[in-house]
Structure formats: structure tokens, C-alpha cells
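>>> One predicted model, sequence on top.
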Amino acid sequence: MTALEAARAEIGVSESPKGSNNVKYNTWYYKREVYDGLWGAKFPWCMVFVQWCFSTAGRPLEYKTSSCSALLYWYRKNHPELVSSEGKPGDIVIYDFGHTGIAESVGGGFVTAIEGNTSVSSADNGGRVMRRRRPL
């Protein structure tokens, strides 16, 4: 299984209750159930979803973080040869608005990715695992 296959299998998973950020990927990452408001914190999970997919595929990422910008910074510093503005299926996509997913296809100026914590009405922090098509 690849990380992309793991991501595809999760399409449709939603937080419960809606708007809580309580989802199995956060439980896996934090080793306990978490939800917004617990310890006065927020628990967005788009990067945690990506981490979960790679771990489920048996290829955990070298740097474990729940932050999109922290992962990008780490790879720029430690593996700059892996950072590119052009992607291919299976690559991690980090958008300039602080969101992430796993590329399913790239072409014609667009990327289609499987993303956690998104929705049709919100670019990020939307509560579902979905396939999204966005301009590069």
C-alpha cells in the first residue's frame, strides 16, 4: 500500500462531532482523543492526516509534526532535493495558505489531492477527508 492509496481509502471520513477536530488521525498522532477546546487548544489535522497516511503505508515521514510550515522548513533544510514546485502523484502538497494533502494527479495548471480537514466551502479546516482540485 502507498500513502496515496491509504489516503484514497479514507475519503469521506469526517470529524465527530462536526467542527470539533475530533478524528481518528488526531487520536493516532496525540495518542489520545483530542478536540478543540481541550486544554484551550486547537487541533487542526490536515498534516496529521498526511503523517497517518505515510505511516499506514509503512513509510513514516522522517520529521513528525502537525504543522505544514514546520514540515516544509525541515525538508528545505535537510532534504532540499525533495522540495519542488512541480509535483507528481504520491507527493506531499503544501499550499501557501497553510494546508496540505497528498497529490493524486498534477497537470494543466492544477493539482488534485486527497486532503484531510477540508470541505467544499472551506479551503482548510473543513472537517472531512476529500479529493480537492486546486490551481498550482
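Yep, it's here.

>>> all helices of the chain, in order?
Per DSSP state H, the chain carries helices over the ranges 3-9, 24-30, 46-56, 68-78.

>>> Would you format those helices as JSON lines with distance to Gly90, mean pLDDT and mean neighbour count included?
(Glycine included, C-beta is placed from N, CA and C.) Shown next, in JSON lines, are these (distance: least, C-beta to C-beta, whole Å; pLDDT from 0 to 100; neighbours: other C-beta atoms under 10 Å):
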{"stretch": "helix 3-9", "distance to Gly90": "5", "mean pLDDT": "98", "mean neighbour count": "19"}
{"stretch": "helix 24-30", "distance to Gly90": "18", "mean pLDDT": "97", "mean neighbour count": "19"}
{"stretch": "helix 46-56", "distance to Gly90": "10", "mean pLDDT": "98", "mean neighbour count": "25"}
{"stretch": "helix 68-78", "distance to Gly90": "15", "mean pLDDT": "97", "mean neighbour count": "15"}
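
>>> and of the ones you listed, who's closest to Ser16?
For those, proximity to Ser16 was assessed by C-beta to C-beta; helix 24-30 is nearest, at 9.5 Å.

>>> and the closest one, what does it pack onto?
Secondary-structure packing of helix 24-30 (3 or more C-beta pairs under 8 Å, 6 or more residues apart in numbering; DSSP states H and E): helix 46-56.

>>> Show me the shaky parts of this protein.
For the chain, the stretches with pLDDT under 70 are 123-124.

>>> Tell me which stretches of it form strands.
92-95, 99-107, 110-118, 128-135 (DSSP state E).

>>> Kind regards, and thank you for your time.
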